[in-house]
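[1] Generate coordinates for the sequence data below:
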Amino acid sequence: MRMKTTFIHGGISHDEATGSVNVPIHQTTTYKQEKVGVHKGFEYSRTGNPTRLALEKLIADMEGGVRGFAFGSGAAGTHTIFSLFSKGDHIIVGDDVYGGTYRLINKILKRLGLTFTIVDTTDLSTIEEAIQDNTKAIFLETPTNPLLKVTDIQAVADIVKKHELITIVDNTFATPYNQRPLELGADIVLHSASKYLGGHSDVVAGLVTTNKDELADELGFLQNAIGGILGPQDSWIVQRGIKTLGIRMEAHEANAKTIVAFLQGHEKVDKIYYPGLPSHPGHETAKKQTSGFGGMISFELKEGLPAAVFVESLSLITLAESLGAVESLIEIPALMTHGAVSPEDREKAGIKDELIRLSVGIEDSEDLIDDLKQAFDQI
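    Below you'll find the model as predicted:
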């Protein structure tokens with residue numbers, strides 16, 4: 001099946017018992033056993049739930065994995081992945097990742113004895129240099145949050161496999177519609193399903209999948225043992241959102257390209273970060289490994305211009321954290337999503353105070369541009 005069809009018919013897409021074209025919400029904690037240890041595949045809903053299973057099978061089908069896992073948030077999924085490793089293990093991490101991942105690493109995982117090296121994953125030589133005897137994995141985003149840097153997944157995976165390590169890719173920004181890291185050599189793929197997969201700002205969820213049976217067994221054990229699972233109602237909401245992912249991504253990208261063209265000609269904009277621009281350093285890599293450039297744009301105002309005044313002057317575009325929704329969302333990474341990142345690390349990564357991240361929705365693009373114009377007038 002092609003991707004748009006998989007989004008609708010992949011996984012468990014209907015109910016065999018009744019013929020319902022939607023999977024039922026199995027709002028239950030436990031399941032009747034015919035005899036001790038004899039059941040219909042489900043014992044307790046932390047371990048497995050039919051509605052959650054339908055979503056888990058769907059993300060596996062979407063990404064080409066052998067098994068999927070649904071969590072209560074992207075952060076819960078990230079934490080579970082890092083729980084594959086033990087005290088003293090070393091992990092390489094991209095230098096431009098979600099602020100919540102940075103917080104998890106620096107405030108919790110380091111305290112538990114994991115060690116990390118932060119590198120620019122677009123520079124393959126820095127990855128080679130960072131590998132140590134105790135290195136177990138590399139964790140990266142592409143495109144990154146918020147600078148939209150593009151890493152060559154296949155090239156990284158080739159290096160990692162040479163050292164018998166694990167490649168973990170956060171695919172939240174690109175989505176499976178535009179990019180499938182497992183096909184490019186990655187071992188584990190992660191999504192904050194609160195974003196594009198859910199698509200409507202109405203659910204918090206995380207999804208993980210792998211194409212390795214051994215990793216799937218370990219992740220399944222950890223999911224059950226740690227318990228940060230997604231509930232049945234939220235699983236149903238995410239699966240419903242995924243059905244329209246293909247047409248939404250096309251609309252997001254069409255609007256993003258229109259807005260990028262507008263920003264390119266504006267005298268108050270200093271720099272635009274969008275992989276679809278030929279001037280973007282990762283443009284050729286993005287063309288090679290993705291089928292589209294997505295709906296995320298970051299841009300810097302001219303130095304000294306008040307980013308807060310600009311975003312607070314918008315009336316249609318919503319000032320809010322999160323992204324990937326039908327409505328356009330805007331934020332200042334240095335003050336919002338990446339506030340947990342130290343000023344020194346933000347500066348090192350290139351996250352300036354004037355940087356603005358815009359998640360382009362599917363509204364009429366002219367209305368969005370009109371809103372941006374009047375906000376620029378305020379600064």
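
[2] Mind listing what's buried along the lowest-mean-pLDDT helix or strand in the chain?
    Sorted by mean pLDDT, DSSP states H and E, the helices and strands of the chain end with helix 343-349, the least confident at a mean of 80. For helix 343-349, the neighbour count (16 or more other C-beta atoms under 10 Å) marks 346, 349 as buried. For glycine as for every other residue, the C-beta is placed from the backbone atoms N, C-alpha and C.

[3] got a list of what residue 151 touches?
    Residues near residue 151 by C-beta atoms under 8 Å, 6 or more residues apart in numbering: 94, 121, 122, 140, 141, 142, 144, 282, 285.

[4] ok, back up a step: going on from the least confident helix or strand of the chain, what's the next piece of helix or strand?
    Using DSSP states H and E, the helix or strand that follows helix 343-349 in sequence is strand 355-359.

[5] quick one: strands adjacent to that following strand?
    Using DSSP bridges, strand 355-359 pairs in its sheet with strand 296-301 (antiparallel), strand 329-331 (antiparallel).

[6] returning to that earlier point: any idea which of the contacts of residue 151 has the most stuff around it?
    Greatest neighbour count in these, by other C-beta atoms under 10 Å, goes to residue 142: 31 neighbours.

[7] and the contacts of residue 151 as JSON lines, adding distance to residue 13 and pLDDT?
    Below are the contacts of residue 151 laid out as JSON lines (distance: C-beta to C-beta, whole Å; pLDDT from 0 to 100):
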{"residue": "94", "distance to residue 13": "34", "pLDDT": "96"}
{"residue": "121", "distance to residue 13": "35", "pLDDT": "97"}
{"residue": "122", "distance to residue 13": "38", "pLDDT": "96"}
{"residue": "140", "distance to residue 13": "31", "pLDDT": "98"}
{"residue": "141", "distance to residue 13": "29", "pLDDT": "97"}
{"residue": "142", "distance to residue 13": "29", "pLDDT": "98"}
{"residue": "144", "distance to residue 13": "33", "pLDDT": "96"}
{"residue": "282", "distance to residue 13": "35", "pLDDT": "97"}
{"residue": "285", "distance to residue 13": "34", "pLDDT": "98"}
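
[8] What is the nearest of the residues you listed to residue 45?
    Closest approach to residue 45 among these (C-beta to C-beta): residue 141, at 31.0 Å.

[9] Distance-wise, check residue 355 relative to residue 327.
    When distance is defined by C-beta to C-beta, to the nearest Å, residue 355 is 21 Å away from residue 327.

[10] So between these two, which is more surrounded?
    Each of residue 355 and residue 327 has its neighbours counted (other C-beta under 10 Å); residue 355 has more, 24 against 14.

[11] still on that earlier bit, counting only strands, which of the contacts of residue 151 make the cut?
    Taking DSSP state E, the ones among the contacts of residue 151 that sit in strands are 94, 140, 141.

[12] quick one: which of the strands paired with strand 355-359 is nearest residue 135?
    Here strand 296-301 is closest among the strands paired with strand 355-359 (C-beta to C-beta), at 29.9 Å.

[13] How far off centre is the closest one?
    On the basis of C-alpha atoms, centre = their mean, to the nearest Å, strand 296-301 sits 18 Å off its chain's mean C-alpha point.

[14] Can you work out which other helices and strands pack against the very next helix or strand once past it?
    Where DSSP H and E defines the elements, the next helix or strand beyond strand 296-301 is helix 307-312. Under the contact criterion of 3 or more C-beta pairs under 8 Å, 6 or more residues apart in numbering; DSSP states H and E, helix 307-312 touches strand 355-359, helix 365-377.

[15] Tell me which helix or strand comes right after helix 307-312.
    Following helix 307-312 in sequence order, the next helix or strand is strand 318-319 (DSSP H and E).

[16] and that following strand, what does it pack onto?
    For strand 318-319, the packing partners by 3+ C-beta pairs under 8 Å, 6+ apart are strand 329-331.

[17] chain center to the strand it packs on: distance?
    Here the centre of strand 329-331 is set off from its chain's centre by 16 Å, with C-alpha atoms, centre = their mean.

[18] ok, and what's touching it?
    Applying C-beta under 8 Å, 6+ apart, the contact partners of strand 329-331 are 201, 311, 314, 317-323, 337, 356-359, 361.

[19] Swap in 6 Å and give it another go.
    With contacts defined as C-beta atoms under 6 Å, 6 or more residues apart in numbering, strand 329-331 is touched by 311, 317, 318, 319, 320, 321, 323, 337, 357, 358, 359.

[20] Could you give the average pLDDT over that strand?
    Computed over strand 329-331, the mean pLDDT rounds to 97.

[21] center of the protein, which residue is that?
    Nearest residue to the geometric centre of the chain (C-alpha atoms, centre = their mean): residue 172, 1.9 Å.
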